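Q: heads up, no residue letters with this:
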Ligand code: HEM
């Protein structure tokens, strides 16, 4: 029996220190929360096994774990966790999130960018080295004390190009292209009879996703490589596994498919270079049939001028841009439309709004400026992103420690914020005294009615950022209510915030609202099965996706089409 005694002693000797260590960490955690001192980093969240830390909890049920780790005494807060030996700082309290967005030292998204390029887009290490070495920041003026040559300031070069193309002078022509492509993708003449389809998400991938791709990258890429769209969605399915860093021997097919996409992009570059001349530009000076947009032409000029870059490395970066541009917008547009058809009475209200927003000279048949400002359509859009966007934002300060609310983030450490936790905070959002819980879709959550003090997105009387006082021109003149996002900074954060905020957000809002409008106006849709539970694989990587197919049937609204005179 001596082996049994030896075995029991060994177990005891290994378990006792683990329990002791956990108990000590537990006491320290509570102590630090209750006695915040002047230069305090967020309290360490206790875990049993030192090196593994919270890794297994994050993999098993990331959302539930994050909510537990970042709540204290019923309020959102900050915590420090260990994941495979690395310390990660989680910030979910409003004061910290707002400080992250405002802090110039945290304005660079390079930490997340390098991770994405390496693991998700497969960029080679030589090209990546120049991204890693660039600590000069995203602003025109380099960070003092840095020594990166102007042509290698890849952080600034990348983001200045994206801002010009997606929020600056490129936005209007891209929106015009998108609206005319969407108009054709959702043609009023399709689906003369009720037609059954296997999956609503796939329908949006093929129609809305392809429209976004074409408005930015033009028709030539898809003409040269007709499988590109399907290959891309196959790749997108594997993004969570790429993000976990799984090597090629564990998913050889996924790596082969990503390589195929990179090859398709480089062969498109070669063709477009041979074919494009200045006269290929559209009248607006932005679009062209070969590259698609000035954004893509400028990436060729600017990013290939950076040391160590090649067609291959640029193709990885462009794959990242394609992923950023369609992987969130497609499920968001799908859920936005799904709820228009699914919520009792909502379709009739939306169609009533659309009847008031028609403009015959616009390619889509609608006044898009008015459509995207409409309170009901905007509220449905904002509620869709609140419910379904559960993404991580990464911030890091390469040069000095920074104070975020009451907590410090040491230099070089990685801070994470997750929008899903903020979006589901029961202490912040208006639920009309529990009638519309935070985890349920309520199309009117973001509408404020002047006559109803219990309306609007924030919980009345919570002491959270002030509910907006509406005065003068802001005051709605009709009973339709008003939509605005003031006071929600740090709480409604589907696009991140600060300088690194998603540059595609304006295009995204137009695409989501316009696709919902075109489909609601032109078709009837019936879901053939209830909404499936969400897939947990994509948690932290953007808009959620249903875990299963959503079969539906669709038929055109012949009477509406005839009345609008569009057939
Ligand atoms: C519902 C749709 C969308 C959502 C929820 C979304 C969300 C986000 C988020 C959370 C980020 C990271 C921000 C940060 O690091 O703080 C991001 C970055 C980015 N998004 Fe979007 N996005 C959407 C649509 C789009 C579209 C339509 C485009 C392009 C046309 C786009 C292009 C980008 C790019 C290029 C970046 C990286 C920017 C950078 O590194 O500076 N996004 N997006």
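A: Right, received. Where do you want to start? What you see is a predicted model; the values in this text were computed from it and never measured.
Q: mind checking how far stretch 510-529 is from the chain centre?
A: Relative to the centre of its chain, stretch 510-529 is centred 21 Å away, using CA atoms, centre = their mean, to the nearest Å.
Q: number of residues surrounding the residue in the chain positioned nearest to the ligand?
A: Here the chain gets closest to the ligand at one residue, residue 504, 2.0 Å apart by CB to the nearest ligand atom. Quick note: C-beta positions are derived from backbone N, CA and C, even for glycine. Residue 504 sits with 24 neighbouring residues when counted by other CB atoms under 10 Å.
Q: wait, it sits on residue 322?
A: No: using CB atoms under 8 Å, residue 504 makes no contact with residue 322, being 11.4 Å away.
Q: quick check: neighbours shared by these two?
A: With CB atoms under 8 Å, 6 or more residues apart in numbering applied, the contact sets of residue 504 and residue 322 do not overlap.
Q: show me what from the stretch 251-400 of the chain comes close to the ligand.
A: 321, 324-325, 328-329, 332, 385, 389, 391, 393 (CB under 6 Å from any ligand atom).
Q: of those residues, grab the buried ones for ChimeraX.
A: Restricted to buried positions by 16 or more other CB atoms under 10 Å, the ChimeraX selection for those reads:
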select :321,324,325,328,329,332,385,389,391,393
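Q: farthest pair in the residues of the stretch 251-400 of the chain next to the ligand?
A: Farthest apart among those by CB to CB are 321 and 385. That separation is 20.3 Å.
Q: so residue 382: helix, strand or coil?
A: What DSSP: H, G, I helix; E, B strand; the rest coil gives for residue 382 is helix.
Q: per-residue confidence at it?
A: For residue 382, the model assigns a pLDDT of 98.
Q: out of everything not next to it in sequence, what's closest to it?
A: With sequence-adjacent residues excluded and distances taken as CB to CB, 6 or more residues apart in numbering, residue 382 is closest to residue 446, at 4.5 Å.
Q: please report how far the one you found lies from residue 379.
A: Counting by CB to CB, to the nearest Å, the gap from residue 446 to residue 379 is 4 Å.
Q: common neighbours of these two, please.
A: The overlap between the contact sets of residue 446 and residue 379 (CB under 8 Å, 6+ apart) consists of residue 483.
Q: outside of stretch 359-368, which residues touch it?
A: The contact list for stretch 359-368 (CB under 8 Å, 6+ apart) reads 175-176, 179-180, 182-183, 354, 357-358, 510, 514, 517-518, 521, 564-566.
Q: just to revisit the earlier point, more neighbours, residue 446 and residue 379?
A: More neighbours surround residue 446 than the other of residue 446 and residue 379, with 26 against 21 (other CB under 10 Å).
Q: correct me, but that one touches residue 483?
A: Yes: using CB under 8 Å, residue 446 makes contact with residue 483 at a distance of 5.5 Å.
Q: who touches both of the two?
A: Common contacts of residue 446 and residue 483, defined by CB under 8 Å, 6+ apart, comprise 378-379, 382.
Q: strands of the stretch 151-300 of the chain, start to end?
A: Using DSSP state E, counting those that start in this stretch, the strands of the stretch 151-300 of the chain run over residues 195-197.
Q: could you pull out the helices in it for me?
A: Under the criterion DSSP state H, counting those that start in this stretch, the stretch 151-300 of the chain contains helices at 154-166, 171-185, 200-204, 210-217, 220-224, 228-243, 252-275, 294-303.
Q: can you tell me which of these is packed in deepest?
A: Most buried of the helices of the stretch 151-300 of the chain, by mean neighbour count (mean count of other CB atoms under 10 Å): helix 210-217, with a mean of 23.
Q: and residue 235, what's its pLDDT?
A: 97.
Q: contact partners for it?
A: So residue 235 contacts 254, 257-258, 261, 319, 323 (CB under 8 Å, 6+ apart).
Q: switch the cut-off to 6 Å
A: 257-258, 261 (CB atoms under 6 Å, 6 or more residues apart in numbering).
Q: got it, and residue 116?
A: Residue 116 makes contact with residue 320, according to CB under 6 Å, 6+ apart.
Q: give me the nearest residue to residue 269, chain neighbours excluded.
A: Among residues not flanking residue 269 along the chain, residue 311 sits closest, at 5.5 Å (CB to CB, 6+ apart).
Q: burial of that neighbour, as a residue count?
A: 16.
Q: roughly how far apart are it and residue 273?
A: Counting by CB to CB, the gap from residue 311 to residue 273 is 10 Å.
Q: the longest helix seen in the chain: what's the following helix or strand?
A: As assigned by DSSP state H, the longest helix anywhere in the chain is helix 2-34. Going down the chain from helix 2-34, the next helix or strand is helix 55-69, by DSSP states H and E.
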